Structures are given as C-alpha cells and as structure tokens.
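K.L.:
Sequence plus the predicted model coming up.
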Amino acid sequence: MTEIKDSRHVDTVLAALGEQLGAAGQRYALVVIGGSGLLALGEIERSTRDVDVVALRSGDELDGAEPLPEPLGRAAQRVARDFDLDESWLNGGPTDLLDFGLPEGFLDRLERRDYGEALTIYLASRYDQIHFKLYAMVDAGGPGKHEQDLRALGPSEKELLEAARWSRGHDTSPGYRETLVRALEYLGVSDADLGA
C-alpha cells in the first residue's frame, strides 16, 4: 500500500476524491485533523497512511463522520483503488473527539480548501492540532509520531498548557493526569497545574 507522502500528494488524492464525488452528484464538506492535515498545511514532512476526518460540516454544524456516509465511502474506495491506498485511508475514527468538545473557537480557525464543486476540506489550525497531538501523544503512551508532529509545530509553554487543560476534559482519570504531567515535563513544561 502507498502512503500519502507530502502536501502535493494530499492535494492529488483529495482532488481525485472530489472528482469521484462530482461524478456521482454528491457534495461533502469534511473537517480534517492529524498528519494529513499538517502535511496539507506544510507543517510537517512525513508520510501518513490516512486522512483523519473529525467531522462532516454543514454551515456551523459538525456531524459525526463514523461511519462515513455511503456515497462518500464508495468514492473513497475508488480513490483507494486508483492510488493503491489503504482501504480505510479516509478515516472517520477521530470523530469521537466531538463527544467531548473541540477546543473553543475551533470553527473560526479552520482553513478552507476546495477540490472542485463537490468537496470542501476544512483543515484544523496549528493551534488546534497542538491540542490533538498532545492528547494523542499521551493517549499512545509516549514518544512516537505524535510527539514528532508536536515538536514540528513548535508549541509555546502557554499553548501546551492550554492543550493539556483541554485534554483533561477528555480523560479525567488520575492515571491520565499523571501521564500528561510526565509528557509535559518531557516536552519542557514543569510544574504544570492541572488540578487533581
């Protein structure tokens, strides 16, 4: 299977998805986070297996992306076949983040990209990606691709603390808090006051 290599590759794959949707008479607006979003913004330089969709957007409303609507899933399957991508390259798994709430002001910071008339992609901002990547790093149990992405974003101590406080709303357990404090120390933030 081919991975999505860089920002041009992301654009090519999404343009192909837009063409498939247009040919089927469908139109979607997707909110994208994760590595592919960072590639598209030029924030990182690594390949990724998938495009993480946190939501389907309609105006200011965000709806869950798991499972993907059938017409969107069919179009994604055709793109997977044409580009030798993993069958689940368009990944609605991160939509669980909607259950706990996205960072305040998330919608206002999205960057819009249109791929023909049939597909609009909204990319999460650098600030919001810091939140998601810190949460993913702690959830994964430590260093790895999420930490690499986080360091590439060059977050300030203030941004990391804001991200940490947001992530505590997703997991209030003492174990998560301890792991989060250790992760912050690893990233250079000591004496983080994150509550009990």
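P.N.:
Noted; the coordinates are in hand.

K.L.:
who does the residue most central in space within the chain bridge with?
P.N.:
Nearest to the mean C-alpha position of the chain, by CA atoms, centre = their mean, lies Ile33 at 1.7 Å. Ile33 forms beta bridges with Asp52, as assigned by DSSP bridges.

K.L.:
Could you do Ile4 as well?
P.N.:
The bridge-partner assignment for Ile4, based on DSSP bridges, gives Thr48.

K.L.:
could you list every residue that touches it?
P.N.:
When contacts are counted by CB atoms under 8 Å, 6 or more residues apart in numbering, Ile4 touches Val10, Val13, Ser36, Leu39, Ser47, Thr48, Arg49, Asp50, Val51, Leu85, Trp89. C-beta here means a position set from N, CA and C on the backbone, and glycine is covered the same way.

K.L.:
The third one contacts Val54, correct?
P.N.:
No. Taking CB atoms under 8 Å as the definition, Ser36 is not a contact partner of Val54, at 11.7 Å.

K.L.:
Show me which residues of the top helix by length along the chain are buried.
P.N.:
Taking residue count as the measure and DSSP state H as the definition, the longest helix of the chain comes out as helix 7-23. Neighbour counts using 16 or more other CB atoms under 10 Å place 7, 9-10, 12-14, 16-22 of helix 7-23 among the buried residues.

K.L.:
Quick check: the farthest pair among those?
P.N.:
Taking every pair in these and measuring CB to CB, the maximum separation is 22.2 Å, between Ser7 and Gly22.

K.L.:
Tell me which helix or strand comes right after the helix or strand harbouring His131.
P.N.:
In the assignment (DSSP states H and E), His131 maps to helix 126-140. Scanning the chain past helix 126-140 towards its C-terminal end, the next helix or strand to appear is helix 145-153 (assignment: DSSP H and E).

K.L.:
I'd like the next helix or strand past that next one.
P.N.:
Where DSSP H and E defines the elements, the next helix or strand beyond helix 145-153 is helix 157-168.

K.L.:
Specify which residues of the chain, grouped into ranges, have pLDDT under the cut-off.
P.N.:
Low-confidence segments of the chain, defined by pLDDT under 70, are located at 195-196.

K.L.:
From Leu85, how far off is the residue nearest to Leu17 when sequence neighbours are not counted?
P.N.:
Beyond its immediate neighbours in the sequence, the residue positioned closest to Leu17 (CB to CB, 6 or more residues apart in numbering) is Val79, lying 5.1 Å away. When distance is defined by CB to CB, to the nearest Å, Val79 is 7 Å away from Leu85.

K.L.:
Touching both of the two, which residues are there?
P.N.:
Val13.

K.L.:
just to revisit the earlier point, now, the most widely separated pair of the contacts of Ile4?
P.N.:
For those, the farthest-apart pair by CB to CB is Leu39 and Leu85; their separation is 14.1 Å.
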